[in-house]
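1. What follows is a predicted structure for the sequence shown.
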Amino acid sequence: MDRLKGRASPYFFILPTITLIMFIYFIPLFETIIFSFMDMKQLGVVGEFVGLRNYENLFMNEEFQYSFTLTVFWTFTSVGLIILVGLGLALALNEKFPGNKIVRTLSLIPWITPASICAVFWRWALHPAFGSLNFILKSLGIISGSLRFLSDPRLAIFTIILVRFWRGLPFAVFCFLAGLQSIPEELYEAAEIEGATGFYKFRYITLPLLRGVIAMTTTLLTIWTFQLFDIIFVLTGGGPFSSTEIIPIFIFLTLFRRYDINPALSGGVLVVTFLLIISFIYFKFFGRR
Amino acid sequence: MKTKHVFKYALLYVLSLVYLIFIFLPIYDGFISSLQPYSKMLSFRTSLFPDTIYFGNYISVWNHFPLSKQLMNTAIYAISVSIICISFASLSAYSLSRFNFKGRVQFLFVLLATQMISILLLVVPLKIMMIKLGLDNTYFAVILVDSAGQLTFSTWMLWAYFDTIPRDLDEAALVDGCTRLQIIRKILLPPALPGVMVTFLMVFVAEWQSFTVPILFISNREFMPATVGIYEQLGELLIRWDIVLPASFITIIPELAVGYAIQKYIVGGLTAGAVKY
């Protein structure tokens, strides 16, 4: 690499990229933090310094308290489900049987369909009278009356967890399959010679070697799910009665519907802090870089 | 032993089938319903299979709804972002592939950090910046913000492709008096062309899906991409499903076609990108 030192500086080549990222990500991130200590009454007018008052107001805000609890519940439930079921499915699809490649390829479709469009399809499929899900559940005898998946405040949060699960599952399955395929076949053969059974092979070969991939997938899904916006915004918009109003939706609604800038800023800083903690945990315990 | 195998296969097939049915249910349901006349759509569901096929919704959507205009916007966003990403990323990927410079690790960290944060969290200062620059509610706002979001991925992909090209080639070119930019254009890009194409198309597919950024910066219908245009049709009281469902399918067809063409790279990119984190 060093043999190629010319006059042109490598910094020149990263300049366009770094400039764009600075203006779109880092300066706004810095400003978000600074502004969260100001009283912002209007976009573009920097208000007076108020210290931690915005954060106090945010934590006293009942809507935000509910939103915070909901976000934690929503993130851990959906990520937990995706990881557990994804691991099981990946183990099954890792078996050699005719057609397993087709299953893998087809299951990519939700991943490359735009999230907002996926949410449109789900809104239709979840419709109490016209959608197919109610019809299927009734035909199977699981429910007797139609469920109002998106308009029943007690049910809506579980419905969006289901949709999140649906969209996140193929990603987890793919990551786990890639991890499983990197485990050398000889390890299992050696274990079989020693007389190990299926469960022991899973517990003492598969699981330890998959640890890094599981940690990475869990971290990424947690980061994405905690700040997920599009699917929920299209499915419920945070309703009914704020029952699905997780923090990103809260930020959007306070900013664009109530024109209240301060909670959007301090809420944003809180989410960033959470993301930093999650990334830190990952790099501390699993990072190799 | 034999029966055990049959049992195992049966189990695997049942599992795969349930998985696929679950994965396809909403897409299938939306698709068959989009092929029903409006009156038929709004009748109580009694079957999962259509007894008539009716293309009228697709024709009327294309004619009456501003879909073609919004798809054009989607295409403008997707193509512009892909071009910016390829231009910027080929430069930064060249730097990463051929130089060992101070701050390289920090640069990589910055690239990765952008992938951890949603634009929604930074919307207030970004909105202020766009208003001050006169870019709020224009194509440029979305193109700039989304390009920044796609740069990490494109730099990563091109870096991997450039690494496969022997360094001797650019050394020889340097001796022959080529500038560095000429080296990128004439030595690195041609053999990396398949990789450049794949990167271009993957950014294209990703940008086709863009929803949150246009929602934040675009309120003028003139500049809305189709994803936002369809969202706008989801009213509180009445939803014209005979418009929304066909429009959704028309919107995803170009993207799914591109996705299908590069599917094996998507699988690779998805997992490789994830494993690199």
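-> Arrived safely, thanks for sending. Please read all numbers here as calculations on a predicted model, not as lab measurements.
2. Show me where the stretch 51-200 of chain B dips below the pLDDT cut-off.
-> Counting by pLDDT under 70, the stretch 51-200 of chain B shows low-confidence ranges at B:65.
3. quick one, helices of it?
-> Per DSSP state H, counting those that start in this stretch, the stretch 51-200 of chain B carries helices over the ranges B:56-64, B:67-98, B:104-114, B:123-133, B:139-163, B:167-175, B:180-182, B:193-208.
4. secondary structure class for residue B:219?
-> Of the three states, residue B:219 takes coil under DSSP: H, G, I helix; E, B strand; the rest coil.
5. Would you confirm that it contacts residue B:138?
-> No - contact criterion Cβ atoms under 8 Å: residue B:219 and residue B:138 do not qualify, at 11.2 Å. C-beta coordinates here come from the backbone N, C-alpha and C atoms, glycine included.
6. Can you say which of the helices of the stretch 51-200 of chain B is packed in most?
-> Scoring the helices of the stretch 51-200 of chain B by mean neighbour count under mean count of other Cβ atoms under 10 Å in any protein chain shown gives helix B:139-163 as the most buried, with a mean of 23.
7. got the angle for that one vs helix B:123-133?
-> Here helix B:139-163 points in a direction 110 degrees away from that of helix B:123-133 (axes from the mean of the first three to the mean of the last three Cα atoms, to 10 degrees).
8. follow-up on the earlier one: with neighbour numbers in mind, choose between residue B:219 and residue B:138.
-> residue B:138 (17 against 13; other Cβ atoms under 10 Å in any protein chain shown).
9. give the contact list for that one.
-> Counting by Cβ atoms under 8 Å, 6 or more residues apart in numbering or on different chains, residue B:138 touches residue B:223.
10. gap between it and residue B:73?
-> Separation of residue B:138 from residue B:73 (Cβ to Cβ, to the nearest Å) stands at 11 Å.
11. I'd like the mean pLDDT over the helix or strand where residue A:14 lies, please.
-> Counting by DSSP states H and E, the element that carries residue A:14 is helix A:10-21. For helix A:10-21, mean pLDDT rounds to 92.
12. Is chain B within reach of it?
-> Yes - residues of helix A:10-21 contacting chain B under Cβ under 8 Å from any Cβ of the partner chain: A:10, A:11, A:13, A:14, A:15, A:16, A:17, A:18, A:20, A:21.
13. what's near enough to touch the residue nearest the centre of chain B?
-> By Cα atoms, centre = their mean, chain B has its centre lying nearest to residue B:206, at 1.2 Å. With contact taken as Cβ under 8 Å, 6+ apart, residue B:206 is in contact with B:150, B:153.
14. That one and residue B:199: what is the separation?
-> 11 Å.
15. who's in contact with residue B:147?
-> A:20, B:80, B:81, B:84, B:85, B:88.
16. please redo it, this time with the cut-off set to 10 Å
-> Residues in contact with residue B:147 (Cβ atoms under 10 Å, 6 or more residues apart in numbering or on different chains) are A:17, A:20-21, A:24, B:77, B:80-85, B:87-89, B:154, B:203, B:207.
17. Look at the most centrally placed residue in chain A and give its secondary structure.
-> Centre of chain A computed as the mean C-alpha position; nearest residue by Cα atoms, centre = their mean is residue A:225, 2.2 Å away. Of the three states, residue A:225 takes helix according to three-state DSSP.
18. Go ahead and confirm it touches residue A:79.
-> Yes - if you go by Cβ atoms under 10 Å, residue A:225 and residue A:79 touch, sitting 5.6 Å apart.
19. Tell me if stretch B:29-39 is near chain A.
-> Yes - Stretch B:29-39 lies within reach of chain A by Cβ under 10 Å from any Cβ of the partner chain, at B:29, B:30, B:31, B:32, B:33, B:34, B:36.
20. Now residue B:229. Nearest residue, chain neighbours left out?
-> residue B:70 (4.0 Å; Cβ to Cβ, 6 or more residues apart in numbering or on different chains).
21. That neighbour and residue B:228, how far apart?
-> On the measure of Cβ to Cβ, residue B:70 and residue B:228 end up 8 Å apart.
22. where do the contact lists of these two overlap?
-> Common neighbours of residue B:70 and residue B:228, counting by Cβ under 10 Å, 6+ apart, are residue B:221.
23. ok, residue B:80 touching residue B:140?
-> Yes - judged on Cβ under 10 Å, residue B:80 makes contact with residue B:140 at a distance of 9.0 Å.
24. quick revisit: touching both of residue B:138 and residue B:73, which residues are there?
-> Counting by Cβ under 10 Å, 6+ apart, the residues touching both residue B:138 and residue B:73 are B:218, B:222, B:223.
25. which of the residues you listed has the weakest pLDDT?
-> Ranked by pLDDT, these bottom out at residue B:222, which scores 90.
26. ok, longest helix in chain A?
-> Determined from DSSP state H, the single longest helix within chain A is helix A:62-93.
27. does any bit of that one sit next to chain B?
-> Yes - against chain B, helix A:62-93 shows contacts by Cβ under 10 Å from any Cβ at A:85, A:88, A:89, A:92, A:93.
28. Turn the residues you listed into JSON lines, including pLDDT and distance to residue A:240.
-> Shown next, in JSON lines, are the residues of helix A:62-93 next to chain B (pLDDT from 0 to 100; distance: Cβ to Cβ, whole Å):
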{"residue": "A:85", "pLDDT": "96", "distance to residue A:240": "28"}
{"residue": "A:88", "pLDDT": "92", "distance to residue A:240": "33"}
{"residue": "A:89", "pLDDT": "92", "distance to residue A:240": "32"}
{"residue": "A:92", "pLDDT": "89", "distance to residue A:240": "37"}
{"residue": "A:93", "pLDDT": "89", "distance to residue A:240": "37"}
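29. residues contacting the residue nearest to the centre of chain A?
-> Contacts of residue A:225 (Cβ under 10 Å, 6+ apart): A:71, A:74, A:75, A:76, A:77, A:78, A:79, A:82, A:161, A:164, A:168, A:246.
30. Which of the residues you listed sits closest to residue A:193?
-> Closest approach to residue A:193 among the contacts of residue A:225 (Cβ to Cβ): residue A:82, at 35.5 Å.
31. count of neighbours near the residue nearest to that closest one when sequence neighbours are not counted?
-> Computed as Cβ to Cβ, 6+ apart, the closest residue to residue A:82 that is not its neighbour in sequence is residue A:168, at 4.3 Å. Under the neighbour criterion other Cβ under 10 Å, residue A:168 is assigned a count of 25.
32. Give me the contact status of stretch A:116-129 with chain B.
-> Yes - residues of stretch A:116-129 are located near chain B by Cβ under 10 Å from any Cβ, namely A:116-129.
33. Let me see the mean pLDDT of that stretch.
-> pLDDT averaged over stretch A:116-129 gives 93.
34. Quick one: distance of it to the chain centre.
-> Per Cα atoms, centre = their mean, to the nearest Å, the displacement of stretch A:116-129 from the mean C-alpha position of its chain is 20 Å.
35. Kindly report the same for stretch B:255-262.
-> 10 Å.
36. May I see the buried residues of that stretch?
-> By 16 or more other Cβ atoms under 10 Å in any protein chain shown, the buried positions in stretch B:255-262 come out as B:255, B:256, B:258, B:259, B:262.
37. any common contacting residues for residue A:225 and residue A:79?
-> Listed as contacting both residue A:225 and residue A:79 by Cβ under 10 Å, 6+ apart are A:164, A:168.
38. Now residue B:247: which helix or strand?
-> Assigning secondary structure by DSSP H and E places residue B:247 in helix B:241-261.
39. any idea how far that helix is from the chain center?
-> Taking Cα atoms, centre = their mean, the mean C-alpha location of helix B:241-261 is offset from the chain mean by 13 Å.
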